[in-house]
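Participant: Sequence and predicted model, in that order:
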Amino acid sequence: MVIKNKKILYVGLVIIALILITFILNATKREYGNDEESIFKVIRSIDGYNSQPIQILKIKDIKNERVVPFLINNNPGYIQFTKNKRGNFEWKHIEKTENQSFASFLVNLQGEELPNLKFLFVTNEDNEIAKVELDVNGQVFKKEFKVHESLVAWIDLPKHKSAEYKYKYYDENGNLIEE
């Protein structure tokens, strides 16, 4: 009887050990945005992002957040990660535009860092916008761009409980393109 109970105990311990090993291996297989290679893997693992060419334009760390603007099939986009307790960057948001050479994204950062809202601009080689004026509740921010280049630019926004955003776009000759 004692031998039978020991066998059951050993079998139980082996099963528990196998379950723990499986859990640990699955946890380590999860992709994080810790470096450029793993960022590509994370993007490719998301439905709608997995079969198109991707070009990472920049990796920007802001406290415990990582924001990575990219071009996917030459369309502007970005992915946002948050650092977990183990120091790995887990993705929390991804966004892209279709058939645009110039795109703006409102990036909301977590935590108390100032500012916690940023406008992110991403362009590709077809971009002809040389300057943007962003009016936020009457406060105007200006940003200039090189045309026909893939690039990234940021505007830090002041904290507001609510905001109204108005854009003005200009070509390289200073002509208003669109309001």
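Facilitator: That came through fine.
Participant: Could you list the residues in contact with stretch 120-128?
Facilitator: Taking Cβ atoms under 8 Å, 6 or more residues apart in numbering as the criterion, the residues outside stretch 120-128 that touch it are 57, 67, 69-71, 74-78, 101-107, 129, 132, 143, 145, 147-155, 171-172, 177. The way it works is simple: take the backbone N, C-alpha and C, and place the C-beta from them, glycine included.
Participant: gap between the two ends of it?
Facilitator: Counting by Cα to Cα, to the nearest Å, the length from the leading to the trailing residue of stretch 120-128 is 17 Å.
Participant: one step back: which of the contacts of stretch 120-128 are buried? Put it as a PyMOL command.
Facilitator: Written as a PyMOL command, the selection of buried residues from these, which uses 16 or more other Cβ atoms under 10 Å, is:
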select buried, resi 57+67+69+70+71+75+76+77+78+101+102+103+104+105+107+129+132+145+147+150+151+152+153+154+155
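Participant: List the ones among the contacts of stretch 120-128 that fall in helices.
Facilitator: Secondary-structure check on those using DSSP state H: no residue lies within helices.
Participant: any idea how far residue 39 is from the residue nearest in space to the middle of the chain?
Facilitator: For the chain, the residue lying nearest the average C-alpha position, counting by Cα atoms, centre = their mean, turns out to be residue 79 (1.8 Å). Here residue 79 is placed at a distance of 7 Å from residue 39 (Cβ to Cβ, to the nearest Å).
Participant: what sits in contact with each of those two?
Facilitator: Here residue 79 and residue 39 share the contacting residues 33, 68, scored by Cβ under 8 Å, 6+ apart.
Participant: and the residue nearest to the centre of the chain, what is it in contact with?
Facilitator: Taking Cβ under 8 Å, 6+ apart as the definition of contact, the neighbours of residue 79 are 33, 39, 42-43, 67-68, 70, 91, 93-94.
Participant: mind showing which ranges of the chain have poor pLDDT?
Facilitator: 1-6, 8-29, 111-115, 179 (pLDDT under 70).
Participant: change it to 80
Facilitator: Low-confidence segments of the chain, defined by pLDDT under 80, span residues 1-30, 110-116, 159-163, 178-179.
Participant: returning to that earlier point: which of the contacts of residue 79 lies closest to residue 119?
Facilitator: When the contacts of residue 79 are compared for distance to residue 119, the smallest value, 11.7 Å, is given by residue 67; criterion: Cβ to Cβ.
Participant: Mind listing the residues bridging to that closest one?
Facilitator: Beta bridges link residue 67 to residue 60, residue 80, judged by DSSP bridges.
Participant: didn't it look like it was pressed against residue 80?
Facilitator: Yes - in this structure, residue 67 is within contact of residue 80 by Cβ atoms under 8 Å, at 5.3 Å.
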